[in-house]
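Colleague: Got a sequence here, can you build the structure:
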Amino acid sequence: MEKRDYYEVLGVAKNASADEIKKAYRQKAIQYHPDRNPGNKEAEEKFKEAAEAYDVLSNEEKRARYDQFGHAGMSGAAGGGAGSYGGGMSMEDIFSQFGDLFGGHFSGGSFSTFSGFGGGGGGRRTVQRGSDLRVKVKLTLKEIATGVEKKIKVKKYVPCTHCHGTGAEDEKAVATCPTCHGNGYVTRVANSIFGQMQTQSTCPTCGGSGETITRKCPYCNGEGVVRDEEVITLHIPAGVSEGMQLSMEGKGNAARRGGVNGDLLVVIEEEPHPELLRDQDDLIYNLLLTFPQAALGASVEIPTVDGRVKVKVEPGTQSGKVLRLRNKGLPSINRYGTGDLLINIKVYVPERLTPDEKSKIESMASSANFVPDPSAKERIFRTLRDFED
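Modeller: Reported below is the predicted structural model:
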């Protein structure tokens, strides 16, 4: 099913402020929360959809990328181009990432704020998230035109193989947190005009894990992660552009003491082509013709991303004329179709002439064919208008 626009999902304008986006998400989350809609699959999907939209629009980098490229900008660079959000967000992801937006819930109510499924609300441990990694990848126009698979070596934090990411020397070196008693949060009860309310916050002792370490792993010093290298295969789709950022979910740094891995952000850089220039999905080639070629016509070779092709230049071709080769540009990543190759013709006039060349040209100067046509100027303007269209 085609994804809806994230701004439409939250019901906000494209220029909405961060506070407006946060407020809109809270309203949607409350409206479609599973505790309020038990067994309602449609409400659950809308709840996930709102969380996915908020995850993007609440992040300045992701929002800028989405505003520029739409859902294509959020596509993953791995797994054959599957997006970071191709399968949607799970309930566990939502609760772990956005639960802190809701400080507490009414005592005795049926709506437990991100504290689990079913009324009454059990506890929730905070899941830490590893940091994102950013790499730059240079692509040729040929690779951009076809899409490409590349292998890169990345230095990153990975789970410690000795303690399996726990940070503890062994299983016996892990104890229940004495402050939160393993819940990962502390609860405070306060009276208000609305009655008695509970608020929950991350445990300051264990950081939300619910556990403390009595003896640290000697290999990672209790961090649960170590520095290492990993070879990652990137599947980059056709049509990407300079500065575009693709996201590989879970390929960033590992989180300390377990948790969710960060993402790998792949920033696209274009290698300059020796002959072709890029204008969005179109390519431009500046063709320099000799005077005889322009006057008599010629067959010339033109570079494309697929190799060189022959193009016929009609006799009497004027400088400034633009030829268009349909579908010889780059594929569009945001819409269907392929751009064109625009051939911008310029006629070369030699700066120096031999006496014989000068004599021959002077002998032709009085011919009516060499008198400028007043309509030629309008033809050039019309060509430029066609080029812009």
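
Colleague: tally of neighbours for Asn40?
Modeller: 13 (other CB atoms under 10 Å). For glycine as for every other residue, the C-beta is placed from the backbone atoms N, C-alpha and C.

Colleague: same check, this time on the one 3 residues further on
Modeller: Applying the criterion other CB under 10 Å, we find 16 residues in the vicinity of Ala43.

Colleague: now the one 5 residues further on
Modeller: Applying other CB under 10 Å, we find 18 residues neighbouring Lys48.

Colleague: what does Gly329 give?
Modeller: As a burial measure, Gly329 scores 26 neighbours (other CB under 10 Å).

Colleague: Within the sheet, what are the partner strands of the host helix or strand of Val154, with directions?
Modeller: Taking DSSP states H and E as the criterion, Val154 maps to strand 148-159. Strand 148-159 has the following strand partners under DSSP bridges: strand 225-236 (antiparallel).

Colleague: Give me the average confidence score over the partner strand.
Modeller: Strand 225-236 shows an average pLDDT of 90 in the prediction.

Colleague: any idea which helix or strand comes after that strand?
Modeller: strand 245-248.

Colleague: which is the next helix or strand following the strand holding Val154?
Modeller: strand 174-176.

Colleague: buried set for that following strand?
Modeller: Of all the residues in strand 174-176, those buried under the rule 16 or more other CB atoms under 10 Å are Val174.

Colleague: same question for the strand holding Val154, mean pLDDT?
Modeller: Rounded mean pLDDT across strand 148-159 is 91.

Colleague: what's in contact with that strand?
Modeller: 130, 133, 135, 137, 139, 165, 224-236, 251-254, 258, 264 (CB atoms under 8 Å, 6 or more residues apart in numbering).

Colleague: please redo it, this time with the cut-off set to 7 Å
Modeller: Strand 148-159 is contacted from outside by 130, 133, 135, 137, 139, 165, 224-236, 252-254, 264, using CB atoms under 7 Å, 6 or more residues apart in numbering.

Colleague: can I have it written out in CSV, keeping just the CAs?
Modeller: Taking C-alpha atoms only, strand 148-159 is exported to CSV below (Å, rounded to 0.1, in the frame of the first residue of the first chain):
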residue,chain,number,x,y,z
VAL,A,148,24.9,0.2,-8.1
GLU,A,149,26.0,-2.3,-5.4
LYS,A,150,29.1,-1.2,-3.4
LYS,A,151,31.0,-2.7,-0.5
ILE,A,152,32.5,-0.4,2.1
LYS,A,153,34.5,-1.0,5.2
VAL,A,154,33.3,0.9,8.3
LYS,A,155,34.9,1.3,11.7
LYS,A,156,32.2,1.1,14.3
TYR,A,157,31.2,-0.1,17.8
VAL,A,158,30.0,-3.7,17.9
PRO,A,159,28.8,-5.8,20.8
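
Colleague: can you map out the helices along the protein?
Modeller: 6-10, 18-32, 41-57, 60-69, 91-98, 141-146, 291-296, 355-364, 374-388 (DSSP state H).

Colleague: I'd like these laid out as CSV, including distance to Val322.
Modeller: Putting those into CSV (distance: least, CB to CB, whole Å) gives the following:
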stretch, distance to Val322
helix 6-10, 38
helix 18-32, 44
helix 41-57, 39
helix 60-69, 28
helix 91-98, 51
helix 141-146, 20
helix 291-296, 14
helix 355-364, 27
helix 374-388, 5
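
Colleague: Mean confidence (pLDDT) on stretch 307-318, please.
Modeller: 89.

Colleague: Over to that stretch now: how far is its first residue from its last?
Modeller: Stretch 307-318 has an end-to-end distance of 26 Å (CA to CA, to the nearest Å).

Colleague: roughly how far out does that stretch sit from the chain middle?
Modeller: In terms of CA atoms, centre = their mean, to the nearest Å, the centre of stretch 307-318 is found 39 Å from the chain centre.

Colleague: quick one: buried residues of it?
Modeller: Buried positions in stretch 307-318, judged by neighbour count with 16+ other CB under 10 Å: 311, 313, 317.

Colleague: residues touching Glu20, list them.
Modeller: Glu20 sits in contact with Val12, where contact means CB under 7 Å, 6+ apart.

Colleague: Glu242 now?
Modeller: Residues near Glu242 by CB under 7 Å, 6+ apart: 268-270.

Colleague: Any stretches of the stretch 151-300 of the chain with poor pLDDT?
Modeller: Applying pLDDT under 70 to the stretch 151-300 of the chain picks out residues 192-196, 258.
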